[in-house]
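> Sequence plus the predicted model coming up.
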Amino acid sequence: MTEASFTRSFLQSVDTKPIRLPYDYVADPVTTRLPVPYTLPRLQAPHPPMAKKIKTSAAPGSAKSVTIQLKSARNPVLDISLDNVPLTTTSIHDLREAVRQRTVAADGTQPPAADKIKILYKKKPVGGSSERTLAEILGDSEPEVLGGGKTVEFGIMIMGGASVKPEVTESPTGAGAKVTETEPYPSKPAEGASGFEVLQTEEFWKDLEGFLELRTKDTVESLRLAGIFKRAWQADAAQSKS
């Protein structure tokens with residue numbers, strides 16, 4: 001084969017190849033050699049580890065404490081006083097348990113369920129988790145209470161009704177005496193206005209709004225329903241007078 005014929009056959013074979021590489025062309029890394037050596041980028045120096053925060057328990061008596069008054073004006077009439085209650089560790093769950101220890105359900109067999117006991121602050125149900133502490137509840141509305149040494153009043157509402165737990169006393173007849181139960185605490189009547197006079201007070205309608213908001217979980221709907229009840233009562237009262 002002459003040199004000219006070899007060149008002609010080579011050019012013919014090359015002419016069949018595509019001039020441009022297709023978009024999905026992949027070079028074989030085994031047969032393809034890089035023109036220059038490839039070096040990996042230098043790794044950054046690792047950040048020093050952050051110091052761990054060590055939680056230290058507060059010394060006894062260092063936490064601010066207040067006196068808690070738990071009051072219920074009806075079903076049942078109840079007034080519970082809790083002294084030296086720490087603000088940062090006492091939760092709504094603890095207040096409910098304090099109420100459960102002193103009450104029994106309407107059937108008188110066992111204490112009411114915790115979810116049936118509603119804690120009210122300024123006549124409004126305390127929302128959120130039952131693990132909310134007193135410091136979280138009082139921090140926004142009454143920051144001066146966080147200094148401790150004050151008395152804070154909470155309301156109680158027991159859904160489904162309840163009664164005061166009978167007092168358990170011990171017979172003084174000796175070491176082998178049996179534990180007996182006394183009669184329940186006498187229910188004292190609610191002080192203040194009653195009957196028709198109660199319906200003429202703004203406190204009654206505020207309490208009704210709070211109750212409706214607790215059951216409907218809707219502030220706007222509770223205000224609307226309370227307005228309907230109040231207008232209906234006013235119309236009935238005006239008709240009775242005429």
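In hand now; what should we look at? Numbering: from 1, shown residues only.
> Now stretch 217-233: average pLDDT?
The average pLDDT within stretch 217-233 is 84.
> hmm, I was thinking of stretch 96-107
Rounded mean pLDDT across stretch 96-107 is 82.
> From one end of that stretch to the other, what's the distance?
One end of stretch 96-107 sits 19 Å from the other (Cα to Cα, to the nearest Å).
> cool, stretch 113-125 as well?
OK, stretch 113-125 end separation, Cα to Cα: 17 Å.
> What residues of the lengthiest helix in the chain count as buried?
Scanning the chain for the helix with the most residues, using DSSP state H, yields helix 219-241. By neighbour count on 16 or more other Cβ atoms under 10 Å, the buried set for helix 219-241 is 222, 225-226. In short, each C-beta sits where N, CA and C put it, glycine included.
> what does it rub up against?
199, 205, 208-210, 212-213, 216 (Cβ atoms under 8 Å, 6 or more residues apart in numbering).
> Any of those buried? List them.
205, 208-210, 212-213.
> contacting residues around stretch 117-128?
With Cβ under 8 Å, 6+ apart, stretch 117-128 has contacts from 70, 92, 95-96, 99-100, 132, 137, 141, 154-159, 206-207, 210, 213-214.
> Please flag which of the residues you listed sit within helices.
Those of the contacts of stretch 117-128 lying in helices (DSSP H): 92, 95-96, 99-100, 137, 141, 206-207, 210, 213-214.
> Just the buried residues from the contacts of stretch 117-128, in PyMOL please.
Burial among the contacts of stretch 117-128 is assessed by 16+ other Cβ under 10 Å; the matching PyMOL selection reads:
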select buried, resi 70+92+95+96+99+100+137+154+155+156+157+158+207+210+213+214
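> domains in this protein, as residue ranges please.
65-164, 195-240 (the TED database).
> about what we covered before: tell me how far the longest helix of the chain lies from the chain's centre.
33 Å (Cα atoms, centre = their mean, to the nearest Å).
> Stretch 3-18 now?
84 Å.
> And stretch 94-103, by the same measure?
18 Å.
> now stretch 78-96
16 Å.
> Need the contact partners of that stretch.
Against stretch 78-96 from outside (Cβ under 8 Å, 6+ apart): 58, 63-72, 98-99, 102-103, 114, 117, 119, 126, 129-135, 137-138, 145-146, 148, 154, 156, 164.
> among these, which ones are buried?
63-66, 68, 70, 72, 98-99, 102-103, 117, 119, 126, 133-135, 137-138, 145, 154, 156, 164.
> burial count for residue 75?
16 (other Cβ atoms under 10 Å).
> does it belong to a helix or a strand, and which?
Assigned by DSSP states H and E, residue 75 belongs to no helix or strand.
> excluding its backbone neighbours, what's nearest it?
If the residues on either side of it in the chain are set aside, residue 75 comes closest to residue 161, at 5.0 Å by Cβ to Cβ, 6 or more residues apart in numbering.
> wait, doesn't the one you found sit right on residue 106?
Yes. Using Cβ atoms under 8 Å, residue 161 makes contact with residue 106 at a distance of 4.2 Å.
> wait, which of the buried ones among the contacts of helix 219-241 is closest to residue 46?
Residue 46 lies nearest to residue 213 out of the buried ones among the contacts of helix 219-241, by Cβ to Cβ, at 55.0 Å.
> can you pull out the helices in the chain?
Counting by DSSP H, the helices of the chain are 3-15, 92-100, 134-141, 196-199, 202-216, 219-241.
> To residue 23, which of those lies closest?
helix 3-15 (21.8 Å).
> Any idea how far apart the tips of stretch 120-135 sit?
Span of stretch 120-135 from end to end, Cα to Cα: 15 Å.
> on that earlier part again, can you give me the neighbour number for the residue nearest to residue 75?
Residue 161, neighbours per other Cβ under 10 Å, totals 14.
> Run through the residues that contact it.
75-76, 105-106.
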